[in-house]
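Student: sequence and computational prediction follow.
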Amino acid sequence: MKKQENKYVSTTNACKLCKPLGACLAFKGIEGAVPFLHGSQGCATYMRRYIISHFNEPMDIASSSLGEKHAVFGGAANLKKGLKNVCRKFSPSMIGVATTCLTETIGDDVPMILREYRSGIAQQGDPAPFLVNVSTPSYSGTHMEGFHEAVKAVVEQLAEGGEPLDFINLFPGFVSPADIRHLYEIVSDFSLECTILPDYSDTLDGPAMREYERIPQGGTPVSAIKEMGRALGSIEFGRNLKTMVTAGEFLKSRFGVVNRRIGTPIGLRETDAFFTALEEISGIPAPQKYMMERARLIDSFVDCHKYVFGKRAVVYGEEDLVTGLTSFLTEIGIQPVLCASGSKGGAFQESIKEVTEGILTDDPDVRDDADFYDIAIDVESMQPDIMVGHSKGYPLARKLGIPLIRVGFPIHDRIGGQRIVHIGYRGAQNLLDTIVNAIIEKKQDDSSVGYSYM
Ligand code: SF4
């Protein structure tokens, strides 16, 4: 008799986060917006806890707070009541409504409920914020899909066409607030006007305030999003977006805005591609300050080569971050032995091949739809020297006795995750120094000599 294949295997220590969590992060990058979860209270509490402990900032997420009876009779009444409360308390310019597992399972028709809500508001003559909805069932997708789908929903539901204007759109994906600030700096040094969506560089990394602001300053203005259909072009980061209809692709098909998709600019080659795109769009060469950053980076590659060459790394996290990091590690002489993600976008294997081909002699193992149970089994025979990823990999790094280089999200056991610069030549320099020093520190700790000079 043929052995029955095990059809279902539970996820153990997931290497991904909940889909509407990504949507809430994207909504948080819009000026005056309040993220709103249509579901039960616990979803909002979990997401707030996760986001706050990484960014160390307050994070309000409204909820329709459904209970058992709503699972039977539907959540429309609670959703409308919740929207009304949010309008009264926050006076938002936009509310981003993301669904949850519960409301997707019971089948609430959120677009219809929002239409009813809008027409009720209109009849009463009350001012209404923009309402954007996105479908984010967490049982089919990850926080990154939720993030990208929320960005697309915002553009789909708000952007308008018209005469072209002199600016570009930039869709960076889920990078850090410090990365977004660096992107503004780079683009403005090319004398380009730019709308970055989303922009949580202030809303999730703001100053200390004497008075609590219900909605923090910052974010992409709704007025700028409305003009995105009139941009000279769009740049979107993400080699793994090939299988998705993204905000950039939507603007291209609806309004004819040319979309350049490039890899997230992590490391030398991916950053070179970003700068080349900016040179072509702006018609001016890269400013000297960045050429000097690039030159210093290459110099440090040479300086550090003896410490990193041949070291073996496990890289994990969201697909585009892992692809960028793999590209960078490959450039500096580290062998990525395992590239793993909890996502299953369909392009991961190909993306890793694109950034390693012709440089590595041994291809890394590439695992999508992985959890930390799978990763732990895979690494048993791989003998990695370092792990590169978010804090959820710490128990495994500790068990293996190797350094964990914390990047991306979530970073719950260190301070400053929001201030890590991953992108550009500056980000590559930062990553290089962090990785090399972690390797040296490990060697020093393991040494019986206690040397203090290299
Ligand atoms: S996985 Fe589903 S039930 Fe759990 S927090 Fe996310 S949306 Fe809520």
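Tutor: The structure has been received and is ready for your questions.
Student: tell me, how many residues neighbour D202?
Tutor: Other residues within reach of D202, judged by other Cβ atoms under 10 Å, total 18. To be clear about C-beta, it is placed using only N, CA and C from the backbone, and glycine gets the same treatment.
Student: just checking, it touches E213?
Tutor: No - at 11.0 Å, D202 and E213 do not qualify as touching, with contact defined as Cβ atoms under 8 Å.
Student: how near is the most centrally placed residue in the chain to E318?
Tutor: If you average the C-alpha coordinates of the chain and look for the closest C-alpha using Cα atoms, centre = their mean, you land on F174, 1.9 Å from that point. For F174, the distance to E318 (Cβ to Cβ, to the nearest Å) stands at 7 Å.
Student: find residues that contact each of those two.
Tutor: Applying Cβ atoms under 8 Å, 6 or more residues apart in numbering, one finds that F174 and E318 are jointly contacted by H143, M144.
Student: which ones are touching the closest residue to the residue nearest to the centre of the chain other than its chain neighbours?
Tutor: Distances taken as Cβ to Cβ, 6 or more residues apart in numbering put F147 closest to F174, at 5.2 Å, once the chain neighbours are dropped. Each residue near F147 by Cβ under 8 Å, 6+ apart is listed here: G22, A23, L25, A26, G173, F174.
Student: wait, isn't S138 in contact with T99?
Tutor: No - checked against Cβ under 8 Å, the pair S138 and T99 is beyond contact range at 9.3 Å.
Student: those two: which has the busier surroundings?
Tutor: When S138 is set against T99 and neighbours are counted by other Cβ under 10 Å, the residue ahead is T99, at 27 against 24.
Student: check what pLDDT the more buried one gets.
Tutor: According to the per-residue confidence, T99 scores 98 in pLDDT.
Student: so it bridges to which residues?
Tutor: Here T99 shows beta-bridge partners H38, assigned using DSSP bridges.
Student: and it, how far is that from the ligand?
Tutor: Distance from T99 to the ligand, counting by Cβ to the nearest ligand atom, to the nearest Å: 8 Å.
Student: strands along this protein, start to end?
Tutor: Ranges of strands in the chain, per DSSP state E, are 33-38, 62-63, 94-99, 130-134, 168-171, 194-196, 233-237, 259-262, 312-316, 335-340, 365-367, 386-389, 404-406.
Student: give me the helices and strands touching the fifth one, please.
Tutor: For strand 168-171, the helices and strands in contact under the criterion 3 or more Cβ pairs under 8 Å, 6 or more residues apart in numbering; DSSP states H and E are helix 177-189, strand 194-196, strand 233-237, helix 247-255.
Student: direction included, what does that strand pair against?
Tutor: For strand 168-171, sheet partners with direction are given as strand 194-196 (parallel), strand 233-237 (parallel), following DSSP bridges.
Student: give me the distance from that strand to the chain's centre.
Tutor: 15 Å (Cα atoms, centre = their mean, to the nearest Å).
Student: no further questions, thank you.
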